[in-house]
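> Sharing a sequence plus its predicted fold:
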Amino acid sequence: MAKKKQRSKKRKLIGSRITDRLRAKKNRHPNDLAKLLDKATKLHQTENLVQAEQVYRQVLSIDPRNVAALWRLGIVCHQSGRIDEGILLVNNAVSIQPDFADGHNSLGILLQEKGDLDGAVSCFQKALAINPALAEAHNNLGNAYLDLGRFEKAKKSFHKALAMKPDFAEVCYNLAKVYKRQGLIDEAKESYRKALAIRPDYAEAHRYLSRLRKYSGYDGHMREMDGLMAREGGTDYQRMHLAFALGKAYGDFGEYEKSFDYLLIGNRLKRKYIHYSTAETKAYFDTIKKVFDHSFVLQNLDRGNPDDTPVFILGMPRSGTSLVEQILASHPDVYGGGELDDFRQITLRLTKSRLPEEAFACLPGDNGRIIKLIGPEYLKAIRRFSSGARFITDKMPHNFLLIGVILLALPKAKIIHCVRDPSDNCFSVFRNYFSHEHNYAYDLEELGEYHLLYQDLMHYWHDVFPGMIYDISYEKLVSDQEGESRKLMTRCGLAWSESCLTFYKTPGAVSTMSAAEVRKPIYRDSVQLWKRYEKQLQPLTEVLSQGRNQENFLNP
């Protein structure tokens, strides 16, 4: 009996302590919360994201409806690559405070990152309806329009932002991206220079400017970038962009050792802040092959939409996809759509999935219902570019992961697979910074391992879909432009057009880092470029030597 009373007293004591703690949280003085929020904000501003997140969460444990903490924690999640979590947090903030213009602006940024461009536009417009003078929202709206290919609307939004904030360097930078995609290279250079005049340490603008020009020797721009690399107070993020720019610049005039040293710095700084696992990637590729086995493909080959409008140009990044698209888009019957994320996004939406592997798992046992829906949705999406074009291209390189879904949903679609010498292809990836997720790209061994997985998967697709994938060699294309272009037109069911030989004169948007390159006639400088860095690339070439012969891909 005495023990029972003792346990009862202990429970009451524990209960009272919990109640006291809860009451203390509830009654915490507002100044204490303000101090915590200020502490988190300062940590955030100094890029101590982990510690900032801990303190923001401490604020929310006391006040779960604290709009500022929800909003700023959402931004931390965005910076840490956790987009879905960021969307949830910022959405909660604007639900609590619907007139929070900065919150709608941040939600738009997150949705744009997620690929929901229409949702992003809506958020930016809401922010501007609340605060028409919010220059940041005008800038972000311009970026969303840029991604949608609405260049004049993008320019209009950017000019509005500059009218409100003339020293807004990021807007000048974004205007340069519009000009670059339109092929207006001189205007793009000038706009990057304006951004740098406002903000001389704008590392991304330095990197983009370096891509638009050819360096013949060590000059003032390189000296400026070297100075920024060496200065105290510079961030890893800035040094990363500058290192890629200097690596490119030194390579232009044959200083290959210095070039590679800088490329190594840039890649290592990028790799430091991202998660990547070859084992996880292999498991993903294995899942693809497991779902799209011969039996599943045969059961569903006749369930897709027979429309043959789409032309998917795919392969590894830097394998010649931009060049192939520009040649095709020079034909009067073809509209060049650029890198589109529509197919992946539609597949995720219709399967109610967060990741492609989750989407794939939904397809077996579905009796082809989702496969039947994907084709019409995708066709509707790409027709926004042109209602009358015979063919519309989509040159998202990593659609090679989705070939199984593509050819079941759209069995008459053309699949053009761009193939390049593995060492050249991987080195071209390594020497470039990617704005989107290519987390395999920043370590030579991991890059080589990824390329082997890609090769294996492409061999698998050829086996499962015999005769439905057309391979085009970058090396053959640059050495025999007309011959290879004629074969390509024949494969696509197009009559020959001489305009395909002067593809570099074709107007229209180019959305990738190749924007400046495809505005020039074909050149062969990048063939066997890797050999100039052969010693430094040994970790890569040793991995690649384990791969299968890519010549097996190529058509006779």
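On my side now, so go ahead. Source: prediction; values computed, not measured. Residues are numbered from 1 along each chain as shown.
> Ile416 belongs to a helix?
No: Ile416 is assigned strand when assessed by DSSP: H, G, I helix; E, B strand; the rest coil, not a helix.
> Phi, psi for Gln536 please.
In terms of degrees, to the nearest 10, the main-chain angles of Gln536 are phi -70, psi -30.
> Quick check: phi and psi on the residue minimising distance to the centre of the chain?
For the chain, the residue nearest the mean C-alpha position is His436 (2.2 Å; CA atoms, centre = their mean). Per-residue torsions, His436: phi -100, psi 180 (degrees, to the nearest 10).
> Begin at 869, not 1, for the rest of this chat.
Got it, first residue is 869 now, which makes that one His1304.
> tell me which element Gly1172 falls in.
Under the criterion DSSP states H and E, no helix or strand holds Gly1172.
> so where's the stretch 1019-1168 of the chain shaky on pLDDT?
By pLDDT under 70, the stretch 1019-1168 of the chain has no low-scoring segment.
> which residues in the stretch 919-1068 of the chain form helices?
Listed in chain order, the helices of the stretch 919-1068 of the chain (DSSP state H, counting those that start in this stretch) span 935-947, 951-964, 969-982, 985-998, 1003-1015, 1019-1032, 1037-1049, 1053-1066.
> can you put those in CSV and add distance to Tyr1086 and mean neighbour count?
For every residue, glycine as well, the C-beta is placed using N, CA and C. Output for those, formatted as CSV (distance: least, CB to CB, whole Å; neighbours: other CB atoms under 10 Å):
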stretch, distance to Tyr1086, mean neighbour count
helix 935-947, 35, 22
helix 951-964, 41, 20
helix 969-982, 37, 23
helix 985-998, 41, 20
helix 1003-1015, 34, 24
helix 1019-1032, 33, 18
helix 1037-1049, 24, 23
helix 1053-1066, 18, 18
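> How about the contacts made by the residue nearest to Glu1055 when sequence neighbours are not counted?
Spatially, and ignoring its direct neighbours in sequence, Glu1055 is nearest to Tyr1047 (4.1 Å; CB to CB, 6 or more residues apart in numbering). Counting by CB atoms under 8 Å, 6 or more residues apart in numbering, Tyr1047 makes contact with 1053, 1055-1056, 1059.
> Quick one: closest of the helices of the stretch 919-1068 of the chain to Asp1104.
Taking CB to CB, helix 935-947 is the member of these nearest to Asp1104, at 13.1 Å.
> which helices and strands sit right next to that closest one?
Packed against helix 935-947 by the contact rule (3 or more CB pairs under 8 Å, 6 or more residues apart in numbering; DSSP states H and E) you find helix 898-913, helix 917-930, helix 951-964, helix 969-982.
> Of all the residues in the second one, which ones are buried?
The neighbour-count check on helix 917-930 (16 or more other CB atoms under 10 Å) flags 917, 920-921, 923-924, 927-928 as buried.
> That helix vs helix 951-964, what angle?
Interaxial angle, helix 917-930 versus helix 951-964 (axes from the mean of the first three to the mean of the last three CA atoms, to 10 degrees): 40 degrees.
> Out of the contacts of Tyr1047, give me the two with the largest separation.
Longest span within the contacts of Tyr1047, CB to CB: Ile1053 and Ser1059, 10.7 Å.
> can you put the helices of the stretch 919-1068 of the chain in JSON lines and add distance to Tyr1372?
Shown next, in JSON lines, are the helices of the stretch 919-1068 of the chain (distance: least, CB to CB, whole Å):
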{"stretch": "helix 935-947", "distance to Tyr1372": "38"}
{"stretch": "helix 951-964", "distance to Tyr1372": "36"}
{"stretch": "helix 969-982", "distance to Tyr1372": "30"}
{"stretch": "helix 985-998", "distance to Tyr1372": "29"}
{"stretch": "helix 1003-1015", "distance to Tyr1372": "22"}
{"stretch": "helix 1019-1032", "distance to Tyr1372": "19"}
{"stretch": "helix 1037-1049", "distance to Tyr1372": "15"}
{"stretch": "helix 1053-1066", "distance to Tyr1372": "11"}
